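K.L.:
All I have is the shape, not the residue letters:
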Ligand SMILES: Nc1ncnc2c1ncn2[C@@H]1O[C@H](COP(=O)(O)OP(=O)(O)OP(=O)(O)O)[C@@H](O)[C@H]1O
Ligand SMILES: [Mg+2]
């Protein structure tokens, strides 16, 4: 049926005037209607529209609660959509992916994509909430993802789809993420919302347990321990323990403590948080740093004995007399000075390791390294805090063989016997062995590198012998001197004093020998665990795990 042109014009004119009247009415309503009434009308309109709208919406915000932490659900959805949306979305964002050789795509803001699950169609929209420009601090972008689906599929979506989405999202995240090395930046004391307390770079350390020079048995034990930990989520939940484990790595410089941390991270595919304790202002900041760490990570505190004066803080407090306290207070009143030193206390650190806050996140390893294990407060390294103590020591022949295989691709060589003999007699760190095995020019062959190592071993041996001789001479000199002084006091002449000294020295040696013999008998009967249980680092070449 044809509509006459006259009627058509009339209809358009009526429609135009209706729209114009509505807009005028709306403008007056917006301007003159009280805020409360307007809000009431808006709520009513919403309710009416919701009644007729058959679609349900679920919003997942980037920051939840008091915005201390990025929402894990948001991260999982982001990862899930990065794979599932890149096929259908038209506007995508690209970020560098794992290994720095591929780009990871994700949906751009205000983009809409469709997903299908068990025949049910759902829609995802990404968005951003506008932040107040009047705020004192720069606010972070508050992003969100919104899921829409028909109300008839409510059960399928809430019970199965969301679970599937989180599981898959987490797996994708682990597969595609770039592992990171974090450090606490001392530059920003109190970060704004946009800054985080940790700054990071991509973690690319190449060390693995295969390249580490360790006795095979110990290496296997450590690997087993780490892998068992990473697979024990249910076990930890069952026994009511937080899913975390502490490792104390101790030993002389250059024995591979830092290298082992990198090998651990590479084995478990974890991020590394390198915590610089001296840059942490106080216990509150330490807690904030802990909250901001994610699961699947290793938190490292290197050289814990030097980081802060944690060893004596408890004792010092108790030792201080009330008189000293008064003097301190008076001095502080007279000249209040700005305190730039860290106020982290031992109890703050203990809480960091196993206080209530340490439970957030889960799947975390805490590693302390030290050169002087005996200096540490026993409370800090007791089992439950530092569950496993790994003593890394001078290079053993077994460890040397690993390095020879890595550096020179050698399994056996005629010069190995000499090296083995020298290694029994002297102490050399894996770092020194590694340095000597490193070819210094393209022409350096296997023999050259091995003879470099032999020379280094001989030099170390000679230096150790010279030092021992020097010490003995010093001791002898001191002994003679004290004897002479004694003789002078008693009025005996020089020659007699010399004789007295020689006699005393001979007696001392005899006593020393019998004492040594006694000690040897005792130690032979003692187990190895008992001797290292006294917190004494192993003196022999080789490592130990407790
Ligand atoms: N057990 C080892 N296996 C393989 N390489 C090692 C080992 N120990 C040391 N190295 C080599 O020596 C270098 C120094 O080692 P690393 O930094 O791990 O020592 P460290 O024990 O952390 O020393 P420090 O106590 O001074 O921090 C490393 O770059 C590594 O190449
Ligand atoms: Mg180190």
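P.N.:
Yep, that arrived. All values reported here derive from a predicted model rather than from experimental measurement. Ligands and ions are numbered 1, 2, ... in the order given.

K.L.:
Counting neighbours, what do you get for whatever residue of the stretch 151-300 of the chain ends up closest to ligand 2?
P.N.:
Across the stretch 151-300 of the chain, no residue is closer to ligand 2 than residue 258, which sits at 3.3 Å (Cβ to the ion). (Glycine included, C-beta is placed from N, CA and C.) Number of residues near residue 258 (other Cβ atoms under 10 Å) recorded here: 18.

K.L.:
quick one: low-confidence parts of the stretch 151-300 of the chain?
P.N.:
185-196 (pLDDT under 70).

K.L.:
could you redo the last one with a cut-off of 80?
P.N.:
Within the stretch 151-300 of the chain, the ranges that satisfy pLDDT under 80 run 173-178, 185-196.

K.L.:
all helices of it, in order?
P.N.:
Listed in chain order, the helices of the stretch 151-300 of the chain (DSSP state H, counting those that start in this stretch) span residues 154-155, 162-176, 216-230, 233-239, 257-268, 283-291.

K.L.:
Could you check how far residue 170 is from residue 72?
P.N.:
8 Å (Cβ to Cβ, to the nearest Å).

K.L.:
Ok, residue 24 next?
P.N.:
50 Å.

K.L.:
of the two, who's got more company?
P.N.:
Using other Cβ under 10 Å as the criterion, residue 24 and residue 72 rank with residue 72 on top: 16 against 10.

K.L.:
Angles on the backbone of the more buried one, please.
P.N.:
Phi and psi for residue 72, reported as degrees, to the nearest 10, are phi -70, psi -30.

K.L.:
didn't residue 354 look like it was pressed against residue 383?
P.N.:
No: between residue 354 and residue 383 there is no contact under Cβ atoms under 8 Å: 11.1 Å.

K.L.:
more crowded one of those two?
P.N.:
residue 354 (16 against 10).

K.L.:
Would you mind stating the distance between the more buried one and residue 399?
P.N.:
From residue 354 to residue 399 the distance is 33 Å (Cβ to Cβ).

K.L.:
May I have the distance across stretch 414-430, first residue to last?
P.N.:
21 Å (Cα to Cα, to the nearest Å).

K.L.:
chain center to that stretch: distance?
P.N.:
Chain-centre distance of stretch 414-430: 35 Å, with Cα atoms, centre = their mean, to the nearest Å.

K.L.:
now do stretch 118-133
P.N.:
Mean-position distance between stretch 118-133 and its chain equals 33 Å (Cα atoms, centre = their mean).

K.L.:
Can you tell me what sits against that stretch?
P.N.:
By Cβ atoms under 8 Å, 6 or more residues apart in numbering, the residues outside stretch 118-133 that reach it are 77, 81, 85, 107-116, 139-150, 153, 156-157, 160-161.

K.L.:
Okay, and which of the residues you listed map to helices?
P.N.:
77, 81 (DSSP state H).

K.L.:
Tell me which entries of the contacts of stretch 118-133 lie within strands.
P.N.:
107, 112-116, 142-150 (DSSP state E).

K.L.:
which of the residues you listed come close to ligand 2?
P.N.:
Among the ones in strands among the contacts of stretch 118-133, no residue lies close to ligand 2 (Cβ under 5 Å from the ion).

K.L.:
Closest one to ligand 2 out of the residues you listed, please.
P.N.:
Out of these, the member with the shortest distance to ligand 2 (by Cβ to the ion) is residue 143, at 38.9 Å.

K.L.:
Skipping its backbone neighbours, what lies nearest that closest one in space?
P.N.:
residue 62 (4.6 Å; Cβ to Cβ, 6 or more residues apart in numbering).

K.L.:
what number of residues lie near that neighbour?
P.N.:
Residue 62 has 20 neighbours, counted by other Cβ under 10 Å.

K.L.:
I'd like the numbering to begin with 762 instead of 1 from here.
P.N.:
Right, with 762 as the first residue, what we last looked at is residue 823.

K.L.:
pLDDT wise, what is it at?
P.N.:
pLDDT, residue 823: 84.

K.L.:
which secondary structure element contains residue 802?
P.N.:
helix 796-813 (DSSP states H and E).

K.L.:
Please state the offset of that helix from the chain centre?
P.N.:
Relative to its chain's centre, helix 796-813 lies at 50 Å (Cα atoms, centre = their mean).

K.L.:
Same question for stretch 1153-1168.
P.N.:
The answer for stretch 1153-1168 is 27 Å, by Cα atoms, centre = their mean.

K.L.:
Pull out the buried positions in it.
P.N.:
By neighbour count on 16 or more other Cβ atoms under 10 Å, the buried set for stretch 1153-1168 is 1153-1165, 1168.

K.L.:
closest to residue 964 out of the helices of the stretch 912-1061 of the chain?
P.N.:
Nearest to residue 964, of all the helices of the stretch 912-1061 of the chain, is helix 1018-1029, at 6.6 Å by Cβ to Cβ.

K.L.:
Could you check how far the residue lying closest to residue 993 once chain neighbours are set aside is from residue 866?
P.N.:
If the residues on either side of it in the chain are set aside, residue 993 comes closest to residue 1004, at 7.4 Å by Cβ to Cβ, 6+ apart. Taking Cβ to Cβ as the measure, residue 1004 and residue 866 are separated by 32 Å.

K.L.:
re earlier: got TSV for the helices of the stretch 912-1061 of the chain, with distance to ligand 1 too?
P.N.:
TSV is the format used below for these (distance: least, Cβ to the nearest ligand atom, whole Å):
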stretch	distance to ligand 1
helix 915-916	55
helix 923-937	27
helix 977-991	10
helix 994-1000	29
helix 1018-1029	3
helix 1044-1052	22
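
K.L.:
and among these, the most buried is which?
P.N.:
helix 1018-1029 (a mean of 21; mean count of other Cβ atoms under 10 Å).

K.L.:
Could you list the residues in contact with it?
P.N.:
940, 964, 966-970, 972-973, 983-984, 987-988, 991, 1008, 1010-1012, 1031-1033, 1057, 1059, 1061, 1063, 1126, 1128, 1130, 1151, 1153.

K.L.:
Check the offset of that helix from the chain's centre.
P.N.:
Worked out by Cα atoms, centre = their mean, helix 1018-1029 lies 11 Å from the chain centre.

K.L.:
residue contacts, the closest residue to residue 844 other than its chain neighbours?
P.N.:
Leaving aside its chain neighbours, residue 844 sits nearest to residue 933 (5.5 Å; criterion: Cβ to Cβ, 6+ apart). Applying Cβ under 8 Å, 6+ apart to residue 933 gives the contacts 840, 841, 843, 844.

K.L.:
What's the end-to-end length of stretch 965-984?
P.N.:
End to end - Cα to Cα - stretch 965-984 spans 20 Å.

K.L.:
So which other helices or strands are in contact with the helix or strand containing residue 844?
P.N.:
Counting by DSSP H and E, the element that carries residue 844 is helix 833-845. Here helix 833-845 touches strand 816-822, strand 864-868, strand 873-878, strand 881-890, strand 903-911, helix 923-937, going by 3 or more Cβ pairs under 8 Å, 6 or more residues apart in numbering; DSSP states H and E.

K.L.:
Tell me which of these lies nearest to residue 1120.
P.N.:
helix 923-937 (19.2 Å).

K.L.:
next one: that closest one to chain centre, how far?
P.N.:
23 Å.

K.L.:
Over to stretch 1183-1201?
P.N.:
30 Å.

K.L.:
quick one: that stretch near ligand 1?
P.N.:
Yes: counting by Cβ under 6 Å from any ligand atom, contacts between stretch 1183-1201 and ligand 1 involve 1191, 1192, 1195.

K.L.:
hang on, the earlier thing: nearest to residue 1182 among the buried residues of stretch 1153-1168?
P.N.:
residue 1158 (9.4 Å).

K.L.:
That closest one - nearest residue in space that isn't next to it in sequence?
P.N.:
Closest to residue 1158 by Cβ to Cβ, 6+ apart is residue 1181, at 4.7 Å.

K.L.:
which phi and psi does residue 1204 have?
P.N.:
phi -90, psi -10.

K.L.:
quick one: contacts for whichever residue of the chain sits closest to ligand 1?
P.N.:
Closest to ligand 1 within the chain is residue 1017: 2.7 Å, counting by Cβ to the nearest ligand atom. Applying Cβ under 8 Å, 6+ apart to residue 1017 gives the contacts 973, 974, 975, 1153, 1191, 1192.
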